[in-house]
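Student: Sequence unavailable; structure follows:
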C-alpha cells in the first residue's frame, strides 16, 4: 500500500481531508488507501464539465454506491454546465492536456477549496491525480492556485498512481462492476476519443 506523505500542517491540527472526486473508478483505491491510513475523507463531487447530464448522473450514482459501502460522506456541488462552458469559451479547440484542461481543473478545485475552507477541512486532494491520461504537474498547479485564497486549506499533491493504487483501482473496477467511462467528461474530450 502507498506510503502517504502528508504536507506539514499547523501543530495540533489533525488532518481533515476533502477528496475532490470525478468518478467511482478513480476514487475507489484512493478512498481505500485513506481509510487504511486512518484518514476519513469526505468526498466532494464537483464536475460541471461532465456532459451530458445523463453521464453526470451515472458517474455520480456509481460513486455514491461505492461510498455508501465504505461509510464515507458524499457532498455534491451544483451542476452548472452552462457556467463551466462560459469559463471555457475560446478554448474549445484546445487539445487534451492543454489550456482548457488547466482551466477546468482550476475551476473545479477552486470550488472544492472554497467548500473546504467553509467547512473546516485542512487538506484538499483530488482523484484527478490518479488518471494516467492527465498531466500531474497541471493538476498540482491547479490545486495550489485553488487554495491560494484560503490560508486554512493546504493542497495535498499526492501522486495517486503509485504504490499499487493503479492496479488496485483496476481490481476494484472489476470487483464492483463500476461503470467505466471512456472519456474525461466534457463534450470536447468526447469529441477527441
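Tutor: All right, it came through fine. Predicted model only: the values in this text are computed from it and were never measured.

Student: where does the residue lying closest to residue 35 once chain neighbours are set aside land on pLDDT?
Tutor: Once flanking residues are discounted, residue 35 sits nearest to residue 70: 6.7 Å by CB to CB, 6 or more residues apart in numbering. To be clear about C-beta, it is placed using only N, CA and C from the backbone, and glycine gets the same treatment. We have a pLDDT of 97 for residue 70.

Student: dump the residue contacts of residue 70.
Tutor: Taking CB atoms under 8 Å, 6 or more residues apart in numbering as the contact definition, residue 70 lies against 31-32, 35.

Student: again with residue 162
Tutor: If you count contacts by CB under 8 Å, 6+ apart, residue 162 has them with residue 2.

Student: which residues of this structure fall in strands?
Tutor: Per DSSP state E, the chain carries strands over the ranges 17-20, 42-45, 74-76, 123-126, 154-155.

Student: so which of these is the most packed in?
Tutor: Sort the strands of the chain by mean neighbour count, taking mean count of other CB atoms under 10 Å, and strand 123-126 sits at the top with a mean of 26.

Student: who touches that strand?
Tutor: Applying CB under 8 Å, 6+ apart, the external contacts of strand 123-126 come out as 6-7, 9, 15-22, 105, 109, 112-113, 116, 139, 143, 146-147, 153-158, 160.

Student: Partner strands of that strand and their direction?
Tutor: According to DSSP bridges, strand 123-126 has the following sheet partners: strand 17-20 (parallel), strand 154-155 (parallel).

Student: Need the strands of the chain in CSV (columns: distance to residue 179).
Tutor: Putting the strands of the chain into CSV (distance: least, CB to CB, whole Å) gives the following:
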stretch, distance to residue 179
strand 17-20, 19
strand 42-45, 15
strand 74-76, 17
strand 123-126, 20
strand 154-155, 29
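
Student: okay if I get these as JSON lines plus mean pLDDT and distance to residue 133?
Tutor: Supplementary listing: these in JSON lines, determined by pLDDT from 0 to 100; distance: least, CB to CB, whole Å:
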{"stretch": "strand 17-20", "mean pLDDT": "98", "distance to residue 133": "17"}
{"stretch": "strand 42-45", "mean pLDDT": "98", "distance to residue 133": "19"}
{"stretch": "strand 74-76", "mean pLDDT": "98", "distance to residue 133": "24"}
{"stretch": "strand 123-126", "mean pLDDT": "97", "distance to residue 133": "14"}
{"stretch": "strand 154-155", "mean pLDDT": "96", "distance to residue 133": "21"}
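
Student: Leaving out the residues flanking it, which one is nearest to residue 111?
Tutor: Nearest residue to residue 111, sequence neighbours excluded (CB to CB, 6+ apart): residue 46, at 4.6 Å.

Student: do the same with residue 156
Tutor: Counting by CB to CB, 6+ apart, residue 156 lies nearest to residue 125, which is 4.0 Å off, once chain neighbours are set aside.
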